[in-house]
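**Student:** Need a 3D model of the following:
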Amino acid sequence: MNGELEKQPERCNEKQAADAPEPNDDEEAEGLHAENIIQAAKQFSTARKASIITILSSLYLINTFGTGILVAALPRVALDVHLSEALILWPVAVYNLSAGCLLLIFGAVADIIGTKLMWLAGTYLYIVFTLAVGFSRSGIQIIMFRMLQGASIAMSLPTTVSLITNTFPKGSWRNVAFAIVGIGSPLGFALGLVLGGVFTDTIGWRWAYYITAILNFLISTSAVWLLPNVHIGHHSASRASRLAREIDWIGAVIISAGLGLLLYILAAITSGLSIRNPQAIVLLLLLLAQINAKHPKIADKRRAAFNRYSEFQRFKALSGSFPMVHVQKLAVISAIVTAAAPALMATMPIDANYWFAPFWALILSPINPDTLFTVSNLVISDAFPSDVQSLAGGVFSEICQFGNSVGLTIIAVIARSVSQQSDVTPHEAWLMVGFRAAFWTIFAGCVLVIPLSFFGLRKGGLIGKKSPDGT
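**Tutor:** The predicted structure follows:
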């Protein structure tokens, strides 16, 4: 009897071992890679880590800084390069157009040839085309060089996610890195608007691009030594064979062309082209005519992605002394705060003082987008395997690009159509009717984010979890 009782726990253990899932090769590789990241991070000093974050965030700042300069100086630029009124918005639009088309392709390529190499190639090409924009003497030249600027920045943007996740383990440093990178874009655009106006009224708008190129050169050159060399896995095949085998080039070209057509249509509609125009109709038909591949030549990473996301969902607090915020609460609270911004703009009097509503609306409006930018990057870094982090970064950047284009188009169409149907006078009040409708539309979108964040991120875990080694 006692012998049977002694054997029972052994049988239970054997049964549990038999029922336990067998270790997956991808999971073992991810675990080993995560351990390597932790060990490598211990060798970096605090100054080195801060330098890496500064370099990566500067890319996002420079990305929007040039656009801010151009927006502020556009009337003078158009006059100097003889840019026609029909093309006056294209130096801005074509940049986003070319970047949006190529983010996915360059993200996939970066995962194969190396993220640091792709990052450096993109930044140095961006320097060349930034100088070219400053030297432009015609409208066609500035449009072409802005397009090439967008293509070069598309080489670098997707690699930022991979460089961060493969340099910093889970914990405070990774969280801070994504947060500071998120600050780069709005800060760069704001600085571009201010300094673009200053340069235009003093030494000229061209010098803004010359100085940007010089600063970018210094940052990129320092990155040669400061950015770590990311090694993900060991592959027996050469890079050329992997590029030919692992990337669905036909599908990549199709989706890039489709995104390009869609972004072009959205930019054209925003600039005044009607959706009923034959040109827009033909482009839409070409977009709809694309055929999806039934068997894309992409490795199946769904199981690994699910396992990594499940791990993210199981985040638990390790210590009450370490500051932690639940993702769901952070997203919901920031969405509520940001929703007040369009409401203030929609209800303010037309002759209201700037400090009464617009100032506070501008302060509140970026809180939720910046929060979701950081949270989304943290989710992506955990949901995707380490060897496709650049592609994941490209997908995220593409969604952001697409959202900006669609949102701007919808809001512009609503404001224009509502104003055109109104007979209010004077002209300022006539414009304000459309603006109010646009702001109420934005308010509805912000309110919609609240339940989406509440239900979609209910298992989102905690921001601020330390890695096992305490970093």
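**Student:** so what's the nearest residue to residue 366 once chain neighbours are set aside scoring on pLDDT?
**Tutor:** Closest residue to residue 366 apart from its sequence neighbours, by Cβ to Cβ, 6 or more residues apart in numbering: residue 186 at 5.5 Å. Backbone N, C-alpha and C define where each C-beta goes, glycine included. Note on residue 186: pLDDT of 83.
**Student:** Residue 186 sits in which helix or strand?
**Tutor:** Counting by DSSP states H and E, the element that carries residue 186 is helix 172-201.
**Student:** mind listing the strands for the stretch 351-471 of the chain?
**Tutor:** With DSSP state E, counting those that start in this stretch as the criterion, the stretch 351-471 of the chain has strands at 462-463.
**Student:** could you give me the average pLDDT of stretch 211-224?
**Tutor:** For stretch 211-224, mean pLDDT is 93.
**Student:** One more: stretch 71-81?
**Tutor:** Taken as a whole, stretch 71-81 carries a mean pLDDT of 87.
**Student:** Can you show me the CA trace of that stretch as PDB?
**Tutor:** Output of stretch 71-81 as PDB, limited to C-alpha atoms (Å, rounded to 0.1, in the frame of the first residue of the first chain):
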ATOM      1  CA  VAL A  71       6.400  74.000 -44.400                       C
ATOM      2  CA  ALA A  72       7.500  77.300 -42.800                       C
ATOM      3  CA  ALA A  73       9.600  78.400 -45.800                       C
ATOM      4  CA  LEU A  74       7.300  77.000 -48.600                       C
ATOM      5  CA  PRO A  75       6.200  80.400 -50.000                       C
ATOM      6  CA  ARG A  76       9.800  81.600 -50.200                       C
ATOM      7  CA  VAL A  77      11.000  78.300 -51.600                       C
ATOM      8  CA  ALA A  78       8.300  78.300 -54.300                       C
ATOM      9  CA  LEU A  79       9.400  81.800 -55.300                       C
ATOM     10  CA  ASP A  80      13.100  81.000 -55.400                       C
ATOM     11  CA  VAL A  81      12.900  77.700 -57.400                       C
END
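**Student:** got the contact list for residue 416?
**Tutor:** residue 434 (Cβ atoms under 8 Å, 6 or more residues apart in numbering).
**Student:** Residue 344 versus residue 367, what's the distance?
**Tutor:** Relative to residue 344, residue 367 is positioned 13 Å away (Cβ to Cβ, to the nearest Å).
**Student:** who has more neighbours, these two?
**Tutor:** Just comparing residue 367 and residue 344: by other Cβ atoms under 10 Å the higher neighbour count belongs to residue 344, 20 against 17.
**Student:** The more buried one: helix or strand, and which one exactly?
**Tutor:** According to DSSP H and E, residue 344 maps onto helix 327-347.
**Student:** buried residues in that helix?
**Tutor:** Judged by neighbour count (16 or more other Cβ atoms under 10 Å), helix 327-347 contains these buried residues: 327-328, 330-346.
**Student:** dump the residue contacts of the residue nearest to residue 443 when sequence neighbours are not counted.
**Tutor:** Spatial nearest neighbour of residue 443, excluding adjacent residues (Cβ to Cβ, 6+ apart): residue 342 at 4.1 Å. Neighbouring residues of residue 342 by Cβ under 8 Å, 6+ apart: 361, 365, 439, 440, 442, 443, 446.
**Student:** Out of those, which two sit at the greatest distance?
**Tutor:** For the contacts of residue 342, the maximum inter-member distance is 14.7 Å, found between 365 and 440 (Cβ to Cβ).
**Student:** More neighbours: those two, which one.
**Tutor:** For the pair residue 365 and residue 440, the greater number of neighbours falls to residue 365 (21 against 17), based on other Cβ under 10 Å.
**Student:** Ignoring the adjacent residues along the chain, who's closest to that one?
**Tutor:** Closest residue to residue 365 apart from its sequence neighbours, by Cβ to Cβ, 6+ apart: residue 341 at 4.0 Å.
**Student:** Then residue 356?
**Tutor:** Nearest non-adjacent residue to residue 356, counting by Cβ to Cβ, 6+ apart: residue 348, 6.6 Å away.
**Student:** burial measure for residue 426, as a count.
**Tutor:** Other residues within reach of residue 426, judged by other Cβ under 10 Å, total 8.
**Student:** if I look at it, how far off is residue 419?
**Tutor:** 13 Å.
**Student:** Residue 458 too?
**Tutor:** Plainly put, residue 458 is 41 Å away from residue 419 if you go by Cβ to Cβ.
**Student:** give me the number of residues near residue 202?
**Tutor:** 9.
**Student:** which residues of the stretch 201-350 of the chain score low on pLDDT?
**Tutor:** Residue ranges of the stretch 201-350 of the chain with pLDDT under 70: 231-239, 242, 244, 246-248, 251-252, 255-256, 258-325.
**Student:** Domains in the chain, by residue range?
**Tutor:** Recorded structural domains for the chain (assignment: automatic domain parsing) are 45-229+317-463, 248-290.
**Student:** just these: most buried one?
**Tutor:** Mean neighbour count (mean count of other Cβ atoms under 10 Å) peaks for domain 45-229+317-463 among those, with a mean of 19.
**Student:** how far away is residue 428 from residue 368?
**Tutor:** Taking Cβ to Cβ, one finds residue 428 at 30 Å from residue 368.
**Student:** With residue 158 instead?
**Tutor:** Computed with Cβ to Cβ, the distance linking residue 158 and residue 368 is 24 Å.
**Student:** Show the contacting residues for the residue nearest to residue 365.
**Tutor:** Contact analysis of residue 341 by Cβ under 8 Å, 6+ apart lists 360, 361, 362, 364, 365, 446.
**Student:** re the thing from before, among the contacts of residue 342, which one lies nearest to residue 453?
**Tutor:** Of all these, residue 453 sits closest to residue 446, with 10.7 Å by Cβ to Cβ.
**Student:** isn't that closest one right up against residue 368?
**Tutor:** Yes: using Cβ atoms under 8 Å, residue 446 is in contact with residue 368, at 7.1 Å.
**Student:** Next up, the contacts around residue 70.
**Tutor:** If a contact means Cβ under 8 Å, 6+ apart, then residue 70 has 77, 91, 92, 146, 192, 196 as its contacts.
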